[in-house]
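Novice: Sequence plus the predicted model coming up.
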Amino acid sequence: MANRKYIKGKDGRVFVGATELEVTQHESTGKADLESFGTSMTGGAKAVVVGNSQCSGSVQGKLTADQVLSDLLQEGDEVELKLYATQSAQGTNKKIYRHVPTAVISDVAYASDPNGGGGATFTFNFESNGLYYFKHES
């Protein structure tokens, strides 16, 4: 049995207009509506029809001292997401990412750690608004 090398995806980018925010962790799930039914043609088994699909998930990132108030994320904002699933592959130098051209933020939280000296962070949940894709970036 081959020893598999797994790659953890953790970076990405959130685009708020022309502003680019750093992503430190993310997860996303694509889901399709499924409608099942039985007819006289299915011999007692149900058939499934695939409906609309949607992507949802959560994103965590860091804020810098360069951020301005208009760059901060708010509930209801539409953002573009590039969520990387892999690091650059050897030889091709390509990365695989999930591209969500339009995502709507459902809720957002901000945090900082004044005792530990860590930077300010943001976390938000989103749902896609339209199509989403897996792409390669070199």
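Specialist: Good, I have the coordinates.
Novice: Let me see the contact set for residue 126.
Specialist: 56-59, 79, 81, 100, 103-106 (Cβ atoms under 8 Å, 6 or more residues apart in numbering). Heads up, the C-betas are built off the backbone N, CA and C, glycines and all.
Novice: Quick check, pLDDT for it.
Specialist: Residue 126 is assigned 96 on the pLDDT scale.
Novice: likewise residue 111?
Specialist: Residue 111 is given a pLDDT of 88.
Novice: hmm, back to that, ok, of the contacts of residue 126, which come out buried?
Specialist: By neighbour count, with 16 or more other Cβ atoms under 10 Å, the contacts of residue 126 hold 56-57, 59, 79, 81, 100, 103-105 as buried.
Novice: Just checking: what are the partner strands of the helix or strand bottoming out on mean pLDDT in the chain?
Specialist: Here the helix or strand of the chain ranked lowest by mean pLDDT, DSSP states H and E is strand 12-16, holding a mean of 79. Taking DSSP bridges as the criterion, strand 12-16 forms sheet pairs with strand 19-37 (antiparallel), strand 78-84 (antiparallel).
Novice: and residue 112, which of these is closest to it?
Specialist: The closest of the strands paired with strand 12-16 to residue 112 is strand 19-37. By Cβ to Cβ, the value is 14.2 Å.
Novice: Mind checking which of the contacts of residue 126 are in strands?
Specialist: Judged by DSSP state E, strands contain the following of the contacts of residue 126: 56-59, 79, 81, 100, 103-106.
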